[in-house]
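S.K.: structural data only, the sequence is not supplied:
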């Protein structure tokens with residue numbers, strides 16, 4: 001394969017992915033601590049710690065792609081700017097820790113990681129730059145496990161002695177979580193993407209919203225229904 005053109009968009013996107021993977025590492029680590037504090041099973045704690053290690057691995061792979069893209073464009077790699085306020089989970093004062101575990105479980109894993117599986121499948125479709133394809137292959141393989149962890153944890157929480165409370169928390173928060181996802185994946189006016197950008201593992205912004213809607217119908221609705229939660233009633 002010959003040289004593939006590199007745009008500023010490719011460089012910026014892979015830098016953003018490094019930041020996102022660091023954030024995911026911090027969140028999984030924080031959640032693992034919370035799981036220890038609420039006396040969750042060792043399997044769940046170990047799974048959260050494994051996810052943290054895998055997310056850090058994703059950050060390393062994403063950085064390699066960013067550096068490769070910069071070298072191809074003959075520019076200096078951009079230092080990742082981390083917003084430290086985003087590198088932790090938020091506690092709601094006066095509420096049991098289990099409530100915040102349920103919030104993090106649903107928003108980050110049941111929702112975020114579930115749609116991420118479909119997103120990374122799409123990103124791989126036109127990607128043939130080796131360093132980028134290797135990164136996406138690894139991320140997609142791991143994201144499946146991260147998704148499954150979220151739904152396993154949610155099922156465990158709903159069987160918890162506080163299960164009735166936790167189900168009410170999830171039901172109450174779900175509309176807001178869905179609105180956040182819709183804002184994050186809002187359609188862009190331009191549905192196209194230059195072919196070289198796709199080869200580096202990018203896709204048109206408008207497609208993110210399409211993938212989210214597909215994930216809602218194919219993933220969220222049936223998975224929540226199996227746990228006695230009506231996702232359709234929560235969809236804005």
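M.R.: Done, it's in. This is a predicted model, so every value here is computed, not measured. Residues are numbered from 1 along each chain as shown.
S.K.: contact partners for the residue nearest to residue 17 when sequence neighbours are not counted?
M.R.: In space, and not counting its chain neighbours, residue 17 is closest to residue 62: 4.3 Å by Cβ to Cβ, 6 or more residues apart in numbering. Placement of C-beta: from N, CA and C, glycine included. Contacts for residue 62 were tallied using Cβ atoms under 8 Å, 6 or more residues apart in numbering; they are 14, 17-18, 21, 135.
S.K.: now those as JSON lines including neighbour count?
M.R.: Written out in JSON lines, the entries for the contacts of residue 62 read as follows (neighbours: other Cβ atoms under 10 Å):
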{"residue": "14", "neighbour count": "27"}
{"residue": "17", "neighbour count": "21"}
{"residue": "18", "neighbour count": "24"}
{"residue": "21", "neighbour count": "23"}
{"residue": "135", "neighbour count": "29"}
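S.K.: averaged pLDDT, the top helix by length along the chain. What do you get?
M.R.: Longest helix in the chain, counting residues (DSSP state H): helix 42-73. Here the mean pLDDT over helix 42-73 is 97, rounded to a whole number.
S.K.: returning to that earlier point: what's the distance between the residue nearest to residue 17 and residue 179?
M.R.: To residue 179, residue 62 is 28 Å away according to Cβ to Cβ, to the nearest Å.
S.K.: report the distance from the lowest-mean-pLDDT helix or strand in the chain to the chain centre.
M.R.: The helix or strand with the lowest mean pLDDT-type score in the chain, counting by mean pLDDT, DSSP states H and E, is helix 195-199 (a mean of 91). Here helix 195-199 shows a centroid-to-chain-centroid distance of 22 Å under the convention Cα atoms, centre = their mean, to the nearest Å.
S.K.: tell me where the protein has helices.
M.R.: Secondary structure of the chain (DSSP H): helices at 8-37, 42-73, 97-104, 114-125, 130-158, 163-184, 195-199, 205-215, 221-226, 231-234.
S.K.: show me the one of these that comes nearest residue 90.
M.R.: helix 97-104 (7.3 Å; Cβ to Cβ).
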